[in-house]
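In: Build me a structure from this.
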Amino acid sequence: MTFDLPNLLIPDTALSVGGLTSYIQDLLEQDDQLQQIWVTGEVSSASRYRSGLFFTLQDPDAQAAISCVVWSSQIPRLMAEPTTGEQLIILGRIHLHPQRGNYQLIVWQALPAGEGLRALRYRQLRQRLEAEGLFDEERKRPLPVHPKSIAVVTSPQAPP
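Out: Below is the predicted model of the structure:
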């Protein structure tokens with residue numbers, strides 16, 4: 001079966017696969033917002049190799065996912081190492097692989113999200129206060145044997 005198509009339907013400006021991929025790569029890798037971007041999601045798979053740590057970050061409903069890589073030299077600098085099932089906040093940049101026609105996130109930093117993020121902030125606050133000497137024994141005062149008053153501090157958002 002042959003089709004008789006008018007010349008207007010076949011443009012002279014048709015791109016090659018390489019040309020299209022190169023154009024998309026320029027769009028992705030030259031976009032200022034994608035040069036340093038924070039992405040949050042759940043690690044759905046993680047595999048460590050000599051070259052680096054490869055994992056997939058996905059939305060909780062699994063409707064969207066992105067491949068990620070942390071190169072071996074960067075792994076020791078991570079605040080949290082990606083493990084399957086963990087919620088993370090990732091800092092990185094978008095990179096397109098022309099040979100495969102897919103893109104991935106090159107990761108520079110990984111922070112815990114949710115409960116892990118609260119625990120990290122608590123540890124950082126505690127370390128800062130310890131560095132200021134606020135937990136030193138000489139700063140502590142003894143509690144009275146029979147206190148005269150007791151106060152309870154709460155907020156409207158506190159659970160009952």
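In: Distance from the chain centre to stretch 126-138, please.
Out: In terms of Cα atoms, centre = their mean, to the nearest Å, the centre of stretch 126-138 is found 31 Å from the chain centre.
In: Average the pLDDT values over that stretch and round to the nearest integer.
Out: Confidence for stretch 126-138, expressed as mean pLDDT, is 89.
In: distance between the ends of that stretch?
Out: Using Cα to Cα, to the nearest Å, the end-to-end distance of stretch 126-138 comes out at 18 Å.
In: Next: stretch 61-73.
Out: End-to-end distance of stretch 61-73 (Cα to Cα): 32 Å.
In: How far away from the center of its chain is that stretch?
Out: Using Cα atoms, centre = their mean, the mean C-alpha position of stretch 61-73 is found 9 Å from that of the whole chain.
In: which residues sit against it?
Out: 39, 41, 44, 50-59, 78, 82, 90, 92, 102-107, 110 (Cβ atoms under 8 Å, 6 or more residues apart in numbering). For the C-beta atoms, the positions are set from N, CA and C on the backbone; glycine is no exception.
In: again, but for stretch 112-125
Out: 40, 79-80, 86-89, 111.
In: Out of these, list just those in strands.
Out: Counting by DSSP state E, the members of the contacts of stretch 112-125 that fall within strands are 40, 87-89, 111.
In: In this structure, mark out all the strands, start to finish.
Out: Using DSSP E, the strands assigned to the chain run over residues 37-48, 52-58, 65-71, 87-97, 102-112.
In: Pairing partners for the residue nearest the centre of the chain in the sheet, please.
Out: With the centre of the chain defined as its mean C-alpha position, the nearest residue by Cα atoms, centre = their mean is residue 90, 1.3 Å away. Assessed by DSSP bridges, residue 90 has beta-bridge partners residue 39, residue 110.
In: Also residue 68?
Out: Judged by DSSP bridges, the bridge partners of residue 68 are residue 55, residue 105.
In: Residue 131: which of the strands of the chain is closest?
Out: Minimum separation from residue 131 across the strands of the chain (Cβ to Cβ) falls at strand 102-112, 21.0 Å.
In: Show me which residues of that closest one are buried.
Out: Residues of strand 102-112 classed as buried under the neighbour-count rule (16 or more other Cβ atoms under 10 Å) are 103-105, 107, 109-112.
In: Now tabulate those in JSON lines and tack on pLDDT.
Out: Supplementary listing: the buried residues of strand 102-112 in JSON lines, determined by pLDDT from 0 to 100:
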{"residue": "103", "pLDDT": "90"}
{"residue": "104", "pLDDT": "94"}
{"residue": "105", "pLDDT": "94"}
{"residue": "107", "pLDDT": "96"}
{"residue": "109", "pLDDT": "95"}
{"residue": "110", "pLDDT": "93"}
{"residue": "111", "pLDDT": "90"}
{"residue": "112", "pLDDT": "87"}
